[in-house]
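K.L.:
Give me coordinates for this.
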Amino acid sequence: MTKDQFKQLQVGDRFTHPRFIGFFTIAHIETWYEWPHGPGTPGVETTISITTTDGRYLKIDDPDAAQITKLP
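P.N.:
Numbering: from 1, shown residues only. Prediction:
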């Protein structure tokens with residue numbers, strides 16, 4: 001999963017990971033605002049970390065975050 005795809009994750013989304021058995025559901029997200037064109041422009045809220053229903057925590061820069069696959 002790319003960083004841009006990770007930023008679009010929402011509570012309730014499900015995903016798999018090749019090292020873990022089964023699928024995981026996002027229970028909580030932490031967000032921040034990015035200002036793509038500098039001060040004075042509208043900010044874009046993006047996901048920077050997720051917590052799953054079983055307590056797993058992934059940040060956008062974690063190597064494991066690049067290996068997850070969102071389920072439809």
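K.L.:
For the rest of this, base every contact and every neighbour count on C-alpha atoms.
P.N.:
Fine.
K.L.:
Doesn't Gly40 lie inside a strand?
P.N.:
No - counting by DSSP: H, G, I helix; E, B strand; the rest coil, Gly40 falls outside a strand, being coil.
K.L.:
buried ones in stretch 50-67?
P.N.:
Ile50, Thr51, Thr52, Leu58, Lys59, Ile60, Ala65, Ala66 (16 or more other C-alpha atoms under 10 Å).
K.L.:
Could you do stretch 9-22 as well?
P.N.:
Leu9, Gln10, Arg14, Phe15, Thr16, His17.
K.L.:
Ok, stretch 23-35 next?
P.N.:
Phe24, Thr25, Ile26, Ala27, His28, Ile29.
K.L.:
and Ile48, helix, strand or coil?
P.N.:
strand.
K.L.:
on that earlier part again, keep only those of the buried residues of stretch 23-35 that are in strands.
P.N.:
Mapping the buried residues of stretch 23-35 onto strands (DSSP state E) picks out Phe24, Thr25, Ile26, Ala27, His28, Ile29.
K.L.:
what bridges to the fifth one?
P.N.:
Okay, so that is His28. Bridge pairing for His28 (DSSP bridges) gives the partners Thr51.
K.L.:
can you redo the buried residues of stretch 23-35 as JSON lines with distance to Gly40 and pLDDT?
P.N.:
Shown next, in JSON lines, are the buried residues of stretch 23-35 (distance: C-alpha to C-alpha, whole Å; pLDDT from 0 to 100):
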{"residue": "Phe24", "distance to Gly40": "38", "pLDDT": "96"}
{"residue": "Thr25", "distance to Gly40": "36", "pLDDT": "97"}
{"residue": "Ile26", "distance to Gly40": "32", "pLDDT": "97"}
{"residue": "Ala27", "distance to Gly40": "32", "pLDDT": "98"}
{"residue": "His28", "distance to Gly40": "29", "pLDDT": "97"}
{"residue": "Ile29", "distance to Gly40": "26", "pLDDT": "96"}
